[in-house]
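Colleague: Using only what follows, build the 3D model:
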Amino acid sequence: MTGFLVLFSMAACKKWVDNTPQPLQVDESKVFSTEQGFRETLNGVYLQMGAETLYGKEMTMGVLSLAGRNFDVVNANTATKLHYQAATYNFTALEMTTYTAKLWNKMYATIANLNNLLDNIERRKALFTGQNYNTFKGEVLALRAYLHFDLLRMFSPIEAGAIGIPYVTAVNPGQVQSGTVGNTLDKCIADLTAAEALLSATDLTNIRMTKWGVKGLLARLYLYRSDKVKAAENALAVINSNNFALTVSSNADLFFAKESLFKLQIFANNYFAYFRSIFGAPSLIGLAATSQVAIYGTANTDYRKSFIDVNTGNALGTPILPKKFNATAANSFPMLRLSEQYYILAECANDVATGLNYLNQVRAARNLSAPLTTVNVPDAAALTTEITNEYRKEFIGEGQMFFYYKRKNTAFTALPFALPIAANPSYTFVRPE
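Modeller: Next up is the predicted model:
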């Protein structure tokens, strides 16, 4: 990868990001002398996001999936200490605090590279042809919001008045104070709103952030903020665009990649090593056959039940390499999916029947022909239970359930599976000092 030369190391403390070193000394006049140089540098940021510490492993199938209670076979003697502590919510354990400090620094280093790109985009605006200035700037703003939002969801409580995170928008920011959670969300929304205005509605690629990825992220963010009106507005815009459709008649790809609004490409060799280190020997983290039935039911109609493929394992519940990750082209990981937009609309619905309609559209695409009705889902509480069930089925191994349980303030005793819980569990990661 040429052009990815500007790397930052950010020193962070609990309430601010400070003393940011200067970027490495490189000849930016050459790196940013062409549009191709900008694209290669931005591609480098995507690769940075796919690192093992970040979305390539731990923020998807690893730590966040363990904390999201996606798996019930987590043996303290075989799983890594990091993964076991994540599964038991012992976020103050040394293994967890070491990891979260690394995560914090890597995320802010990636944000620093985005800010450097933005700075150069503005200074070299005349270089761009056609709509490329708008495309590059919009894409970078959207990624900056995406990363800050995930940092907020991991390192801050959910309450609007609680301490947020530093929202860094400059190459050399000096001291950046943490505002409140509400302030941080406002800044994410500001970046996303600016990005949406810049990006084209006709750009339907999903291997980078586009207008439709922005809309999907806004729907996720507004729901996190409990603004159901704006969450539904953005989710409905994605669905009603008719640019994306639910996959039908296939269980070959359990990421349902064609439904991705935004997916992250990860080097194949790294990707396979990452998931084998979790599900293969010696860790042998997995989902027992009995738990698989508890989640998906006794029938084999639901495509998603193929997460554990009977052709590659046995019926005794021994952890095996899940089909979801073992697919040939599975080294592109979904970051925003169409199905989530339907689930958001179900949660934002004013009545149970409307909510079930959105759930049933996804269920039908997953080969569940019998729709849920108000007879068996009679009230809002029952609808919430069904939404939770669908999230568990759909996003297993993707890191989203941790954020769902946090947003719903789920009691730790109500989390799935009979795994131990630490003495003082929390949905908030420990910030580096």
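Colleague: Format the CA atom coordinates belonging to stretch 408-416 as CSV.
Modeller: Extracted in CSV, the C-alpha atoms of stretch 408-416 (Å, rounded to 0.1, in the frame of the first residue of the first chain):
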residue,chain,number,x,y,z
LYS,A,408,-31.4,-1.6,26.6
ASN,A,409,-29.7,-1.5,30.0
THR,A,410,-30.2,-5.2,30.2
ALA,A,411,-29.7,-6.6,33.7
PHE,A,412,-26.5,-8.7,33.8
THR,A,413,-28.5,-11.5,35.4
ALA,A,414,-30.7,-11.5,32.4
LEU,A,415,-27.9,-12.0,29.8
PRO,A,416,-27.9,-15.2,27.9
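Colleague: Buried ones in it, by neighbour count?
Modeller: Within stretch 408-416, the residues that count as buried by 16 or more other Cβ atoms under 10 Å are 410, 415-416. C-beta here means a position set from N, CA and C on the backbone, and glycine is covered the same way.
Colleague: now residue 430, what's its secondary structure?
Modeller: coil (DSSP: H, G, I helix; E, B strand; the rest coil).
Colleague: Quick check, it in contact with residue 99.
Modeller: No: using Cβ atoms under 8 Å, residue 430 makes no contact with residue 99, being 9.9 Å away.
Colleague: For residue 106, which non-adjacent residue is closest in space?
Modeller: Distance criterion Cβ to Cβ, 6 or more residues apart in numbering; nearest residue to residue 106, sequence neighbours excluded, is residue 53 at 5.2 Å.
Colleague: mind listing what residue 365 touches?
Modeller: 246-248 (Cβ atoms under 8 Å, 6 or more residues apart in numbering).
Colleague: swap the cut-off to 6 Å and go again
Modeller: 246, 248 (Cβ atoms under 6 Å, 6 or more residues apart in numbering).
Colleague: quick one, phi/psi of it?
Modeller: phi -70, psi -20 (degrees, to the nearest 10).
Colleague: One more: residue 44?
Modeller: Dihedral pair for residue 44: phi -60, psi -30, per degrees, to the nearest 10.
Colleague: burial measure for it, as a count.
Modeller: Residues near residue 44, counting by other Cβ atoms under 10 Å, number 20.
Colleague: now the helices: where do they sit in the stretch 201-350 of the chain?
Modeller: For the stretch 201-350 of the chain, the helices defined by DSSP state H, counting those that start in this stretch cover 211-224, 228-240, 268-279, 289-296, 323-326, 338-348.
Colleague: Identify the residues contacting the third one?
Modeller: It refers to helix 268-279. Contact partners of helix 268-279, identified using Cβ under 6 Å, 6+ apart, comprise 56-57, 61-62, 285-286, 319, 321, 325, 331.
Colleague: re the thing from before, ok, so of the buried residues of stretch 408-416, who is nearest residue 360?
Modeller: residue 416 (23.3 Å; Cβ to Cβ).
Colleague: Report pLDDT for that closest one.
Modeller: With respect to pLDDT, residue 416 scores 95.
Colleague: Got the phi and psi for it?
Modeller: Torsion angles, degrees, to the nearest 10, at residue 416: phi -60, psi 150.
Colleague: Find the nearest non-adjacent residue to it, please.
Modeller: Excluding its sequence neighbours, the residue lying closest to residue 416 (Cβ to Cβ, 6+ apart) is residue 69, at 4.6 Å.
Colleague: now swap in residue 83 and tell me
Modeller: residue 66 (5.0 Å).
Colleague: So that neighbour sits against residue 85, correct?
Modeller: No: look at residue 66 against residue 85 with Cβ atoms under 6 Å: they stay out of range, at 8.7 Å.
Colleague: Show me which of those two is the more surrounded one.
Modeller: Higher neighbour count among residue 66 and residue 85: residue 66, with 27 against 24, using other Cβ under 10 Å.
Colleague: quick revisit: what's near enough to touch the residue nearest to residue 106?
Modeller: Residue 53 is in contact with 102-103, 106, counting by Cβ under 6 Å, 6+ apart.
Colleague: Tell me the one of the residues you listed nearest residue 179?
Modeller: residue 103 (20.8 Å).
Colleague: Show me how far the helix or strand hosting the closest one is from its chain's centre.
Modeller: Secondary structure assigned from DSSP states H and E places residue 103 in helix 94-123. When distances are taken as Cα atoms, centre = their mean, to the nearest Å, helix 94-123 is centred 16 Å away from the chain's centroid.
Colleague: With stretch 292-308 instead?
Modeller: The answer for stretch 292-308 is 23 Å, by Cα atoms, centre = their mean.
Colleague: buried sites along it?
Modeller: 292, 295-296, 302-308.
Colleague: Tell me the one of the residues you listed nearest residue 89?
Modeller: residue 295 (20.5 Å).
Colleague: Counting by contacts, list what the helix holding residue 103 packs against.
Modeller: Judged by 3 or more Cβ pairs under 6 Å, 6 or more residues apart in numbering; DSSP states H and E, the packing partners of helix 94-123 are helix 81-87, helix 132-155.
Colleague: Residues touching the first one, excluding its own?
Modeller: It stands for helix 81-87. 63, 66-67, 74, 76, 93, 95-96, 99, 419.
Colleague: Only whichever of these are buried, select them in ChimeraX.
Modeller: The following ChimeraX line selects those of the contacts of helix 81-87 that are buried, judged by 16+ other Cβ under 10 Å:
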select :63,66,67,74,93,95,96,99,419
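Colleague: Where does pLDDT dip in the stretch 201-350 of the chain?
Modeller: 249, 308-321, 326-330 (pLDDT under 70).
Colleague: In PDB, list the C-alpha atoms belonging to stretch 128-148.
Modeller: What follows is stretch 128-148, C-alpha atoms only, in PDB (Å, rounded to 0.1, in the frame of the first residue of the first chain):
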ATOM      1  CA  PHE A 128     -10.000  17.300  -7.400                       C
ATOM      2  CA  THR A 129     -12.000  16.800 -10.500                       C
ATOM      3  CA  GLY A 130     -15.800  16.300 -10.900                       C
ATOM      4  CA  GLN A 131     -17.400  15.400  -7.600                       C
ATOM      5  CA  ASN A 132     -14.300  13.900  -6.100                       C
ATOM      6  CA  TYR A 133     -13.800  16.700  -3.500                       C
ATOM      7  CA  ASN A 134     -17.300  16.100  -2.200                       C
ATOM      8  CA  THR A 135     -16.800  12.300  -2.200                       C
ATOM      9  CA  PHE A 136     -13.500  12.300  -0.400                       C
ATOM     10  CA  LYS A 137     -14.500  14.900   2.200                       C
ATOM     11  CA  GLY A 138     -17.900  13.200   2.800                       C
ATOM     12  CA  GLU A 139     -16.400   9.800   3.200                       C
ATOM     13  CA  VAL A 140     -13.700  11.000   5.700                       C
ATOM     14  CA  LEU A 141     -16.300  12.900   7.800                       C
ATOM     15  CA  ALA A 142     -18.500   9.800   7.900                       C
ATOM     16  CA  LEU A 143     -15.700   7.600   9.000                       C
ATOM     17  CA  ARG A 144     -14.600  10.100  11.700                       C
ATOM     18  CA  ALA A 145     -18.200  10.000  13.100                       C
ATOM     19  CA  TYR A 146     -18.300   6.200  12.900                       C
ATOM     20  CA  LEU A 147     -15.200   5.800  15.000                       C
ATOM     21  CA  HIS A 148     -16.100   8.400  17.500                       C
END
